[in-house]
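Trainee: model the following, please.
(chains A and B)
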Amino acid sequence: MSWDPQVTSNINSFNVLNSNNVVNLITKGDAEERQILQWLSPLEPQKRHQGVQDERLNGVGNWVLETTEFRKWSDKENGRADPVLFCYGNPGVGKTYLR
Amino acid sequence: MIDKLCDQAEGKDIAVVGFYCDFLAQQEQSTASMLGAILKQLASRDGIPEHIRKAFWKAKKEFGGRLPDLVEILKKVVKPLQRVFMCIDALDECTPKNRRGLLESLREIARVSPNTRIFLTGRPHIDDEIMKCFSKAVRMPVIPTQDDIKSYLEMRLDGDTDPNAMDDELRAEIMKIIPEKVSEM
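Mentor: The predicted structure follows:
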C-alpha cells in the first residue's frame, strides 16, 4: 500500500518542522521507505487530521491556549511539569476541535 | 491543538505528532498500531533512522515478520529531540486493554525522556485510568465558551439548506436560547 497523495500533500501540517524534507521524503521516497512506514503501522492519522482541519471553525477552542494549565504544560523551561495534560468532557463539547 | 503546536514548533527541534482514536476503528487500533502510527510520524521527519531500517530488514527475514519493540524504538527517536508533543484524541474510544497498553507505553517513554509532552482528550470516565499511569496529570474540563457556541450556531444556520423556513425572529431566538441551554449542561 502506498501513501495517498492527498495525505502526502498534507503531511506538513503534522510536521511543520522540516516540512520540505518530510514531503520530499514521502513523495520522492523510495519503495523501501514507504514499506517501512507501512510496516510501522497501517494506520494513517493524517487523514483524520485533515478532516478535522476542514471542519474546524476558526477561533473556536482558542480559549485553551490561554489557560495557565496549557501554558505550564507546553512551557519549554518548565522541566518539572507533569508530561500529561488531559482535557475531558462529555461527547460533543468540542474536545477534538480544541486549538 | 496539533496545528497550534506545529506553529510554535516551527524552526525548532520540536516534533508534533497526533492520533485520533475512533470507536468504529477499535479493531485496527491496537496498542501496537497506535504506537506505530505515532512512531511513523516521528520517523519520517528527517529520513528514516538507520536503526529502524535495520529492524525492518531483520523482521523481514524472520518467519512471520514479528513486530518490533515499538516502545524501545520510540524511546530512541524521542530522546535526541528538544521536545516531542504527542496529541491523542478521544482516548475513551479505544478498548480498555489497548488504552492501558498505550498509556503504559507512553509512561515508559516519558519516564526516560522528560522532553515528552502528552496531550490527551476523552470523556471524564477514563480519568482514573489516566491517573493510574500519570498520577500528577493536569486535568482540565472542556466547556465551550458562549462565543464558540455562537460561532458554531451561526455557521450551521448560514448553511441551512432551507433558509426560508426560518425568519429573523426564530433565528434570534435560536441564537439566544441554545447558548443558554448549553451553559446549563
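
Trainee: now stretch B:84-96: buried residues?
Mentor: The neighbour-count check on stretch B:84-96 (16 or more other Cβ atoms under 10 Å in any protein chain shown) flags B:84-94 as buried. C-beta here means a position set from N, CA and C on the backbone, and glycine is covered the same way.

Trainee: any idea how many residues pack against the residue of chain A found nearest chain B?
Mentor: With distances taken as Cβ to the nearest Cβ, chain A approaches chain B most closely at A:Ser41, which sits 2.8 Å away. A count of nearby residues for A:Ser41, using other Cβ atoms under 10 Å in any protein chain shown, gives 24.

Trainee: residues in contact with the closest residue to it other than its chain neighbours?
Mentor: Distance criterion Cβ to Cβ, 6 or more residues apart in numbering or on different chains; nearest residue to A:Ser41, sequence neighbours excluded, is B:Gly36 at 2.8 Å. Residues touching B:Gly36, when contacts are defined by Cβ atoms under 8 Å, 6 or more residues apart in numbering or on different chains, comprise A:40-41, A:43, B:67, B:70.

Trainee: closest to A:Asn62 out of those?
Mentor: Distance from A:Asn62 was checked for each of the contacts of B:Gly36 by Cβ to Cβ. The minimum falls on A:Leu43, at 28.6 Å.

Trainee: for the closest one, helix, strand, or coil?
Mentor: When classified by DSSP: H, G, I helix; E, B strand; the rest coil, A:Leu43 comes out as coil.

Trainee: correct me, but it touches B:Ala37?
Mentor: Yes. If you go by Cβ atoms under 8 Å, A:Leu43 and B:Ala37 touch, sitting 4.2 Å apart.

Trainee: shared neighbours of those two, anything?
Mentor: Between them, A:Leu43 and B:Ala37 have B:Phe19 as joint contacts when contacts are counted by Cβ under 8 Å, 6+ apart.

Trainee: what about the residue in chain B positioned nearest to chain A, distance to A:Leu40?
Mentor: Chain B approaches chain A most closely through B:Gly36 (2.8 Å), counting by Cβ to the nearest Cβ. Between B:Gly36 and A:Leu40 the computed distance is 4 Å (Cβ to Cβ, to the nearest Å).

Trainee: neighbours around residue 43, how many?
Mentor: If you meant another chain, say so; for now it's chain A. A:Leu43 is flanked by 21 other residues according to other Cβ under 10 Å.

Trainee: sorry, should have said chain B
Mentor: By the other Cβ under 10 Å criterion, the neighbourhood of B:Ala43 contains 22 residues.

Trainee: quick revisit: biggest separation within the contacts of B:Gly36, which pair?
Mentor: When Cβ to Cβ is used, the two most widely separated members of the contacts of B:Gly36 are A:Leu43 and B:Leu67, lying 13.4 Å apart.

Trainee: and the buried residues of stretch B:84-96 near chain A, which?
Mentor: Judged by Cβ under 8 Å from any Cβ of the partner chain, the overlap between the buried residues of stretch B:84-96 and the neighbourhood of chain A comprises B:85, B:89-90.
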